[in-house]
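Dropping the sequence and predicted coords here.
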Amino acid sequence: MTRSLTIAVGADHGGAELKNRLAAALLEGGHQVLDFGTDGPASVDYPDFAGTVCHAVIRQEAELGILVCGTGIGMSIAANRFPEIRCGLAHDVTTARLTRAHNDANVLALGARIVGLEVALDILGAFLSTPYEGGRHDRRIEKLSSLTAKAET
């Protein structure tokens, strides 16, 4: 069983229903959920929700973040604008597992129009239960930080 975590979740209108279902599953699994919305079909802008979730992870109010939009693409792009965030877009259990194991992803992006509920639940389980492998991946993670530093100079 995965240890209890605090997980920040957020979605735009395209991902609200799936986000709500995932949040319920997280709560049922004994996790604490920081739900930053949105909760309905009214059109909203995904960068706003990605930013709020990422700030919670950066400030260590949450250990991990989950973002959902129609495809997951917009959310992952927005999340990866933050140097401290490594957001992986997953479409299946393998990509979820590898984004944690190889990339030490701290945010997961999902596409509600791409994956169904059962697949999303499987992805979530793999993301939460897979540890970072470290080792040969450490230098690659370090290089991600140096890319940001180079861009600022």
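Cool, the structure landed.

Restricting the selection to alpha carbons, write the helix or strand that Ala8 is a member of to CSV.
When elements are assigned from DSSP states H and E, Ala8 belongs to strand 6-11. Taking Å, rounded to 0.1, in the frame of the first residue of the first chain, the C-alpha atoms of strand 6-11 are listed here in CSV:
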residue,chain,number,x,y,z
THR,A,6,-1.0,15.2,0.4
ILE,A,7,-1.9,15.7,-3.3
ALA,A,8,-3.0,18.9,-5.0
VAL,A,9,-5.5,18.4,-7.8
GLY,A,10,-6.8,20.8,-10.4
ALA,A,11,-8.6,20.8,-13.7
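
and it, which strands flank it?
Applying DSSP bridges to the sheet, strand 6-11 is found paired with strand 32-35 (parallel), strand 64-69 (parallel).

for the ones you listed, which one sits closest to Ile77?
Closest approach to Ile77 among these is made by strand 64-69 (10.0 Å; C-beta to C-beta). No exception for glycine: its C-beta is placed from N, CA and C like everyone else's.

what about the helices in this structure?
Using DSSP state H, the helices found in the chain span residues 16-28, 46-58, 73-79, 93-101, 117-129, 138-152.

Which one of these lies nearest to Thr6?
The closest of the helices of the chain to Thr6 is helix 46-58. By C-beta to C-beta, the value is 8.6 Å.
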